[in-house]
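Enquirer: this one's sequence-less:
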């Protein structure tokens, strides 16, 4: 069997935690921030943990794990 390729977008956007969860940056923080209120900007600061339903799909795109 040939080796499986990792989706290049996945290795740029996600990191694995020590317990196997996936961290990701929050969308909607690049431009047009005047249209968002302060609560939205505060709550989406930093990184978040991906939901359980989405984690399975993203791990399938990185068949040999993420560093």
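Expert: Looks like it came in fine. A quick note: this is a predicted structure, and the numbers were derived from the prediction, not measured. Numbers count the residues shown, from 1 in each chain.

Enquirer: tell me where the chain has strands.
Expert: Counting by DSSP state E, the chain has strands at residues 14-16, 22-25, 47-49.

Enquirer: okay if I get those strands as JSON lines plus mean neighbour count and mean pLDDT?
Expert: Quick note: C-beta positions are derived from backbone N, CA and C, even for glycine. What follows is the strands of the chain, written out as JSON lines (neighbours: other Cβ atoms under 10 Å; pLDDT from 0 to 100):
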{"stretch": "strand 14-16", "mean neighbour count": "16", "mean pLDDT": "96"}
{"stretch": "strand 22-25", "mean neighbour count": "16", "mean pLDDT": "97"}
{"stretch": "strand 47-49", "mean neighbour count": "13", "mean pLDDT": "97"}
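
Enquirer: and these: which comes nearest residue 62?
Expert: Residue 62 lies closest, by Cβ to Cβ, to one member of those: strand 14-16, at 7.6 Å.

Enquirer: paired strands for that closest one, with orientation please.
Expert: Using DSSP bridges, the strands paired with strand 14-16 are strand 22-25 (antiparallel).

Enquirer: who touches the residue most central in space within the chain in this structure?
Expert: Nearest to the centroid of the C-alpha atoms of the chain, with distances taken as Cα atoms, centre = their mean, sits residue 24, at 2.8 Å. By Cβ atoms under 8 Å, 6 or more residues apart in numbering, the residues touching residue 24 are 13, 14, 15, 47, 48, 49, 50.

Enquirer: and the furthest pair within those?
Expert: Comparing all pairs in the contacts of residue 24 by Cβ to Cβ, the longest separation belongs to 13 and 49, at 13.5 Å.

Enquirer: so what's the closest residue to residue 65 other than its chain neighbours up against?
Expert: Of all residues not flanking residue 65 in the chain, residue 16 sits nearest, at 6.7 Å (Cβ to Cβ, 6 or more residues apart in numbering). Neighbouring residues of residue 16 by Cβ under 8 Å, 6+ apart: 22, 23, 65, 66.
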